[in-house]
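*Asks:* Quick one, what's the 3D model for this:
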Amino acid sequence: MPEMEQAGTRGVAPERFYVRFTREQRYMHAVLFTTFLGLAATGLPIRFSESFWARRFAAGVGGFGAILFFHKLCAVVLTVAFLLHLKEVFQRGLMRHEKGIFWGPTSMVANWKDVKDVFGHVRWFLGLGPKPQFDRYAYWEKFDYWAVFWGMIVIGFSGYAMWFAPFFAHFLPGWALNAVLVIHSEEGLLAILFIFSIHFVNTHLRPESFPMDMVIFTGVESEAEFRHKRPLEYARNAEGGELEKKVGNAPPVWLVNFSRVAGFTAILIGLTLLVLTLTAYFS
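*Replies:* As a prediction, the model looks like this:
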């Protein structure tokens, strides 16, 4: 980048960037949030079909039948992506025997430190103690990760049970098929409310990342961000001589701009759906 070249000619060291997410992980996240937005945008009009905005939306896309078609399409794409992710996890953890997949500071599996970090964070919020120091993944990031598993099991199974009701009727009682309708609707609504409020705030709207955390889009973060957000991981890699292996290139301007447009669009859609949901739910 020109700015970095000019900084180097003036004797100032250019800003360093470190890789946090691979290209495959970024693509997987893109599929995840795109299909989730699609499921939310198609599921909410069905859930609140009597609302004026749901009827207007259905009229604009060809009716509730068209909405249901796109809802199922997003569900299938998300299911395939989820199964591919499971395959990758088990290949890395069980076949390649990579360290840190199922346990340790680089794992998404919760440990005792996460429990202490929860209480430490509450104490910090109340001004009763120092801010916890986080490693590669904070406790709320692990919660978000495992929430996807819960959603795929509960919301996914109930959705497919409704879609293929004649098949599931062979081994599920009638009351269970009625229950899956309620479960799918209420759990889906809970997931939407959580993602469009708690997740957005934790990830993008907190002071350290406001107005947006770009790392999931660009895959890299600056050294200042790395040291500030994940001091334990930075120190561990520095002490173990692993830091240089994580050095990456500064994100190109086009990728930063594209990421901002994509990210802000997703946030705007999510917040709009959140407002429409609350309006329909309490009206």
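
*Asks:* Over to stretch 133-145 now: how far is its first residue from its last?
*Replies:* Taking Cα to Cα, to the nearest Å, stretch 133-145 runs 20 Å from one end to the other.

*Asks:* mean confidence score for that stretch?
*Replies:* Mean per-residue pLDDT for stretch 133-145: 94.

*Asks:* How far off centre is it?
*Replies:* Computed by Cα atoms, centre = their mean, to the nearest Å, the chain-centroid distance of stretch 133-145 equals 12 Å.

*Asks:* For the stretch 51-200 of the chain, which segments count as helices?
*Replies:* For the stretch 51-200 of the chain, the helices defined by DSSP state H, counting those that start in this stretch occupy 52-61, 64-90, 112-125, 139-151, 157-163, 165-168, 174-193, 200.

*Asks:* Now tabulate these in CSV and tack on distance to residue 231 and mean neighbour count.
*Replies:* Every residue, glycine included, has its C-beta placed from N, CA and C. What follows is the helices of the stretch 51-200 of the chain, written out as CSV (distance: least, Cβ to Cβ, whole Å; neighbours: other Cβ atoms under 10 Å):
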stretch, distance to residue 231, mean neighbour count
helix 52-61, 45, 14
helix 64-90, 27, 15
helix 112-125, 13, 14
helix 139-151, 15, 16
helix 157-163, 40, 18
helix 165-168, 49, 12
helix 174-193, 32, 16
helix 200, 24, 18
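
*Asks:* got those helices as TSV, with distance to residue 208 columns?
*Replies:* TSV is the format used below for those (distance: least, Cβ to Cβ, whole Å):
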stretch	distance to residue 208
helix 52-61	35
helix 64-90	27
helix 112-125	13
helix 139-151	13
helix 157-163	36
helix 165-168	46
helix 174-193	24
helix 200	14
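
*Asks:* Which one of those lies nearest to residue 224?
*Replies:* Closest of the helices of the stretch 51-200 of the chain to residue 224 is helix 139-151, at 19.6 Å (criterion: Cβ to Cβ).

*Asks:* Check which helices and strands that closest one is in contact with.
*Replies:* helix 112-125, helix 174-193 (3 or more Cβ pairs under 8 Å, 6 or more residues apart in numbering; DSSP states H and E).

*Asks:* Output the ones you listed in TSV, with mean pLDDT appended to each entry.
*Replies:* Below are these laid out as TSV (pLDDT from 0 to 100):
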stretch	mean pLDDT
helix 112-125	95
helix 174-193	92
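
*Asks:* Make a markdown table out of the ones you listed and add distance to residue 84.
*Replies:* Shown next, in a markdown table, are those (distance: least, Cβ to Cβ, whole Å):
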| stretch | distance to residue 84 |
| --- | --- |
| helix 112-125 | 27 |
| helix 174-193 | 21 |
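
*Asks:* right, and those helices - which one's nearest residue 233?
*Replies:* So among these, helix 112-125 is nearest, using Cβ to Cβ, at 12.3 Å.

*Asks:* which helices and strands does that closest one pack with?
*Replies:* So helix 112-125, by 3+ Cβ pairs under 8 Å, 6+ apart, packs with helix 139-151.

*Asks:* which residues sit against the helix it packs on?
*Replies:* 32, 82, 108-110, 114-115, 117-118, 121, 137, 187, 191, 194, 199, 202-203 (Cβ atoms under 8 Å, 6 or more residues apart in numbering).
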